[in-house]
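In: All I have is the shape, not the residue letters:
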């Protein structure tokens, strides 16, 4: 770079260049690690960010949690008796949802890619697999198309079953239904030495079935995450809920199809195997329902400005040739 | 789609298991048999089918008032019928445990119904004359359930002492109702009768109210319960104090109830303040304070098998040497003497052993703690002199079955390990099957 050129670079441009050329994997690793500590051990530091968080900061992690996943209070609220549910008390559900939406709107699905402790845990299990030299699994496009619907089914059940419980159709031992089968309930408390959720409840047939199902899903989660990147995120009802309200979110993933060469790098690094990120050159708002906004696609794109993350319309991280080369050089350095 | 179908099938199966959780014909027959064992009569008139919560409440209040009137007549047969509210087996157990005939009713503050004395007085631990045993059947205490209902799994919309309060059915602040009962058996104690000679002074201490408390209006005509609204979060404490002269001794009894009202939402600062606020009434002649556990949260539930400490205070200061008795839901008792800090500790015994099919993990059992102390204090009460004072304090609370009774770590770990092993083997075999041996393919450019 010649002195005359460097003199033209404004401080803002310098910051942008630094961000665009950042060692993204390392940055994300530390960001996730801090998020994990904050929401799994934050309670020990008297951190409590409420019970409307848009990611799996598990409420069953009694001592260490720095906040509570919104699905837990939502299911409890929907499980109230119908006279209560359809009274002024339902305002609490509305205000709770608004608080959840306010949290969500800031980072969009970036909560999944950067903060969610269960997502972070899956990334760590993936890193372990990589170190062991075991190859990962991929779904076929047909399988992908089928599996991606499960999260909507689970979201529907997460809402409908509590309503049925409130109406007396189902036993209260099913409450909260999704939490009972969510692996976060079993796994995250372990990090604070609490193994109390690693149990089968024999007090009733329903409780026994639900807790046994939860333990089975936990086993499936452990083995699935080991062979498949972000295994559980395909089935996550929170991810489905995110997508349904993602339109007004401030953080966006944008694509400029005119600059895309369809090289497929973005698809190859995508943990969620989203093919549209490489193939779709028409849509500008490229985030799909399975996307976790991890921004690995932006970091791996060699075409300047083809992919970018924007916050309130302002680009905060975009693909550049220099950034791509720098990251490639770092990754393949001896 | 096949997998999605499997998920739906799982939940359909779940719904099926739920259906089996409903009362079976066999259970209904068992209940009918129990009712017949009480004398062939139903426990009492029931509210009409489909009655609203409010209608049921009015109905039960009316029924309780009628029963109280019936109790006022000292007819043995009627009392027996009333005692029949509890299942016969339970009554037999209670008398068997005590191994002692009923203590003759001693006139105390609020006249205790004779059958209650019979039921509760038997647990007398053999204390000194004039101490706890002399009034064994007559302790006044505040309960969050009337005698006619008993305990068990919490009902929808009812808060619990020390438990999670879900608030009222409708809008507005939750309302707590408490009943003044007499006796030392949490299950058999009946309503305390009003005693003109020992009028009750009722004091309610609200979380953000005066530390000295404020008088609570007496129950409305025809109602037995003391009720108050709980508009803010925190601990509400109700004190019912009675004073009655008996010979040369003034009996001072303080029945206390501590009701926690917390919710997940609401003002966090209000909640934080409530959690650290003092829980002592300095003007109380005697009181029992349940000591909070170090890791106790808002929605604390005492479990059987756990240790619970209580502190006996007199005018806000620790009272050493008070005789403290812990009575479990089934009537098991243990007595201890408060130490220099006024403190005693008890392990909550596990006394809930139903047939496994009837087991309810949310079964709310009631314990009762009674503290007594004598003091050589002279003075005058209603212009009558006295030479000593006998203090008695009561505090009731609830406890639930321990999760260790119905949860299994071994099975939990076993199921997850089994899935891990099975899935691991499946993945390995699947991958091995798809691995084809290397085969060199030569292409001939000439072709």
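Out: Cool, got the structure. This is a predicted model, so every value here is computed, not measured.
In: what's the spacing between the residue in the stretch 301-447 of chain B that chain A sits nearest to and residue A:182?
Out: Nearest residue of the stretch 301-447 of chain B to chain A (C-beta to the nearest C-beta) works out as residue B:419 at 2.9 Å. In this view, the C-beta of every residue, glycine as well, is placed from N, C-alpha and C. Taking C-beta to C-beta, to the nearest Å as the measure, residue B:419 falls 15 Å from residue A:182.
In: got it, and residue A:215?
Out: In terms of C-beta to C-beta, residue A:215 sits 12 Å off from residue A:182.
In: Settle it for me: which of the two has more neighbours?
Out: residue A:182 (29 against 26; other C-beta atoms under 10 Å in any protein chain shown).
In: The more buried one against residue A:214, yeah?
Out: Yes. Look at residue A:182 against residue A:214 with C-beta atoms under 8 Å: they come within range, at 7.3 Å.
In: Quick check: buried residues in stretch B:298-309?
Out: B:298, B:301-302, B:304, B:308 (16 or more other C-beta atoms under 10 Å in any protein chain shown).
In: check contacts around the closest residue to chain B within the stretch 151-300 of chain A.
Out: Among the residues of the stretch 151-300 of chain A, residue A:219 lies closest to chain B, at 2.9 Å counting by C-beta to the nearest C-beta. Going by C-beta atoms under 8 Å, 6 or more residues apart in numbering or on different chains, residue A:219 touches B:415-420, B:423.
In: can you list the domain ranges for chain A.
Out: Domain ranges of chain A: A:28-242, A:250-331, per automatic domain parsing.
In: could you dump those domains to TSV with mean pLDDT?
Out: TSV is the format used below for the domains of chain A (pLDDT from 0 to 100):
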stretch	mean pLDDT
domain A:28-242	94
domain A:250-331	93
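In: hmm, stretch A:232-251 touching chain B?
Out: No. Contact of stretch A:232-251 with chain B (C-beta under 8 Å from any C-beta of the partner chain) is absent, the minimum separation being 8.8 Å.
In: Next, the distance between the ends of that stretch.
Out: 23 Å (C-alpha to C-alpha, to the nearest Å).
In: Check stretch A:43-58 too.
Out: Counting by C-alpha to C-alpha, the length from the leading to the trailing residue of stretch A:43-58 is 12 Å.
In: Ok, stretch B:255-274 next?
Out: Stretch B:255-274 end-to-end distance (C-alpha to C-alpha) = 22 Å.
In: for that stretch, which positions count as buried?
Out: For stretch B:255-274, a neighbour-count test (16+ other C-beta under 10 Å) marks B:255-265, B:271, B:274 as buried.
In: and if you look at stretch B:331-341?
Out: Going by 16+ other C-beta under 10 Å, stretch B:331-341 has these buried residues: B:331, B:333, B:335-336, B:338.
In: Give me the lowest-pLDDT entry from the residues you listed.
Out: Across the buried residues of stretch B:331-341, the smallest pLDDT goes to residue B:331, namely 91.
In: My read is that it contacts residue B:189, right?
Out: No. Contact criterion C-beta under 8 Å: residue B:331 and residue B:189 do not qualify, at 10.6 Å.
In: any idea how far stretch A:279-295 is from the chain center?
Out: Put simply, stretch A:279-295 sits 14 Å off its chain's centre (C-alpha atoms, centre = their mean, to the nearest Å).
In: near chain B at all, it?
Out: No. Judged by C-beta under 8 Å from any C-beta, stretch A:279-295 makes no contact with chain B; its nearest approach is 15.0 Å.
In: hmm, who's touching that stretch?
Out: In contact with stretch A:279-295 (C-beta under 8 Å, 6+ apart) are residues A:24, A:28, A:107-110, A:112-114, A:119, A:148, A:151, A:230, A:233-234, A:239-240, A:243, A:246, A:251-258, A:260, A:262, A:267, A:271-274, A:276-277, A:307, A:309, A:317.
In: repeat that for 6 Å
Out: The contact list for stretch A:279-295 (C-beta atoms under 6 Å, 6 or more residues apart in numbering or on different chains) reads A:108-110, A:112-113, A:148, A:233, A:243, A:253-255, A:257, A:260, A:272, A:274, A:276, A:309.
In: go on, stretch A:20-39?
Out: A:57, A:66, A:114-115, A:117, A:120, A:299, A:318, A:320, A:322-323, A:326, A:330.
In: which of these lies closest to residue B:250?
Out: The nearest member of the contacts of stretch A:20-39 to residue B:250, counting by C-beta to C-beta, is residue A:66 at 55.0 Å.
In: now the helices: where do they sit in chain B?
Out: Applying DSSP state H to chain B gives helices spanning B:2-20, B:25-37, B:53-72, B:76-83, B:88-98, B:114-120, B:268-276, B:409-434.
In: Kindly spell out which helices and strands sit in contact with the last one.
Out: In terms of contacts (3 or more C-beta pairs under 6 Å, 6 or more residues apart in numbering or on different chains; DSSP states H and E), helix B:409-434 is packed against helix A:205-227.
In: Name the helix or strand for residue A:262, please.
Out: Under DSSP states H and E, no helix or strand contains residue A:262.
In: show me the contacts for it.
Out: residue A:278.
In: Quickly note the distance from the closest residue to chain B within the stretch 1-150 of chain A to residue A:81.
Out: Going by C-beta to the nearest C-beta, chain B is nearest to residue A:88 of the stretch 1-150 of chain A, at 3.6 Å. To residue A:81, residue A:88 is 14 Å away according to C-beta to C-beta.
In: who has more neighbours, these two?
Out: With neighbours defined as other C-beta under 10 Å, residue A:88 and residue A:81 compare such that residue A:81 has more, 18 against 10.
In: Around chain B, pick out the residues from chain A.
Out: Within chain A, the positions adjacent to chain B are A:51, A:73, A:81, A:83-84, A:87-88, A:92, A:146, A:149-150, A:153, A:170-171, A:198-206, A:209, A:212, A:215-216, A:218-220, A:222-223, A:227 by C-beta under 6 Å from any C-beta of the partner chain.
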